[in-house]
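Q: I'd like to go over a predicted model; first the sequence, then the structure.
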Amino acid sequence: MPSLETKPAAFISEILTANHYPSLNGFRGISIILVVFYHLHLFTGTITSYIFNGRLGVGIFFVLSGFLITTLCLKEKELTCNISLRSFYIRRVLRIFPVAYLYLIVIAFLNVIYNLGIPRFQFAGAALYLMDFSYFRSHSFTQILSHYWSLAVEEQFYILFPFILKLNRKLFLYCILFVVVALPVIYTIQEAVPAINHGVLYYFTHYLIKFQCIAVGCLFALLSFSKAFDREWIMKTKIVGNVLAIFMIFYLNFDDFYTVKTAYLNLIISVLIGYLIITNLLVNKDWIYRFLNTKVISFIGVLSYSIYIWHMLFASFDAKLPNVFSKLPYNIPGLIIVPLLSYFLFEKYFLNLKKKFSRVK
């Protein structure tokens, strides 16, 4: 098996020395389109529901997140011989917190004005990034805060793993591999022992399974920084490989959370997504790269976080809210305008501030 031992600084892979990966915004754009269309229930046919699958969209986000954040940490450690946890967490806070908390403030205001009935503990669960725990989702649950589960999964993952990567890269690799393989093992045990609580299984399948997606992204980052990464061979087989990967992703896409098959399919799909990401990072003239870098898809990708945070205000279909929030097609203008305003008037300020704490480009 090829070694995952890192290369000397002079031979850092081209992926890690690049200052910008423009196609990543293309992946973000595709992801958010899948999520928004899924939550708006715009396509309910068998084929279209497989294509516009919100779970696939979130899976792409998670794999992308694991890959990019691990890549930046590896670059920092290679170029500065250290990972600044202080800078890492400041960047995370400036990236995630401002828009997330602004949304909660707006929803709290609407909760009072329109008597939406959202309990305080759900606001607490969202604010503390605990919405992936069933307690915060099972009592008087409201769709308008439901999407905060994915923020919770991501922030919980990054509480611990940067510490491990800072300490020891090999230990980080072992921990990531454990996360990747642990969920299939949990499923298999549950299948063999039906007496195991199904509530516990639901937690692992629906929420912690996304740890698996992030971990796969981390693995691809480690691979790109290793002697095992052969860019020349990958690029020679890229078109055929990408087409097959896209076909397999939609062919294998699943719609349940309670079987052993779920963990294995999620793992395979995550690996295919990771492969698509790593083969489309660097500038290329093929049609797949050009599509990912079209102006519309890239722009949607830039706005993707603001769109994700705000879209459930317009996709919860709460009858207590005015039609401009809760009824198609009246909610479409708001779904477009609010994220735009959020990004340019609010989020962008914090993104610029975040750059001051970046130790590598």
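A: Alright, I've got the coordinates.
Q: In this structure, which helix is the longest?
A: If you go by DSSP state H, the chain has its longest helix at helix 85-113.
Q: That helix: what's the following helix or strand?
A: Downstream of helix 85-113, the next assigned helix or strand under DSSP states H and E is helix 120-127.
Q: Would you mind getting the angle between the one helix or strand Leu72 maps to and helix 85-113?
A: Per DSSP H and E, Leu72 falls inside helix 54-80. Between helix 54-80 and helix 85-113, the angle comes out at 150 degrees (axes from the mean of the first three to the mean of the last three CA atoms, to 10 degrees).
Q: in helix 54-80, what's buried?
A: 54-78 (16 or more other CB atoms under 10 Å). (C-beta placed from N, C-alpha, C; glycine too.)
Q: Then stretch 329-349?
A: So, applying 16+ other CB under 10 Å, buried residues of stretch 329-349: 331, 334-335, 338-339, 342-343, 347.
Q: burial measure for Phe317, as a count.
A: 17 (other CB atoms under 10 Å).
Q: List the residues that contact it.
A: Neighbouring residues of Phe317 by CB atoms under 8 Å, 6 or more residues apart in numbering: 143, 326-327.
Q: name the helices or strands packed onto the longest helix of the chain?
A: helix 120-127, helix 148-167, helix 304-315, helix 348-355 (3 or more CB pairs under 8 Å, 6 or more residues apart in numbering; DSSP states H and E).
Q: what residues does the third one touch?
A: When contacts are defined by CB under 8 Å, 6+ apart, helix 304-315 is touched by residues 25, 28-29, 31-32, 35-36, 39-40, 61, 95, 99-100, 103, 106-107, 110, 143-147, 300, 325-326, 331-332, 334-335, 338-340, 342-343, 347.
Q: In a markdown table, list the buried residues of stretch 329-349 along with secondary structure, distance to Ile246 and pLDDT.
A: Shown next, in a markdown table, are these (DSSP: H, G, I helix; E, B strand; the rest coil; distance: CB to CB, whole Å; pLDDT from 0 to 100):
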| residue | secondary structure | distance to Ile246 | pLDDT |
| --- | --- | --- | --- |
| Asn331 | coil | 31 | 95 |
| Gly334 | helix | 32 | 97 |
| Leu335 | helix | 27 | 97 |
| Val338 | helix | 31 | 98 |
| Pro339 | helix | 27 | 98 |
| Ser342 | helix | 31 | 98 |
| Tyr343 | helix | 29 | 98 |
| Glu347 | helix | 30 | 98 |
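Q: Quickly note the distance from Arg290 to Ser298.
A: Distance from Arg290 to Ser298, counting by CB to CB, to the nearest Å: 11 Å.
Q: With neighbour numbers in mind, choose between those two.
A: Each of Arg290 and Ser298 has its neighbours counted (other CB under 10 Å); Ser298 has more, 18 against 12.
Q: That one and Gly29 touch, don't they?
A: Yes - between Ser298 and Gly29 there is a contact under CB atoms under 8 Å: 6.4 Å.
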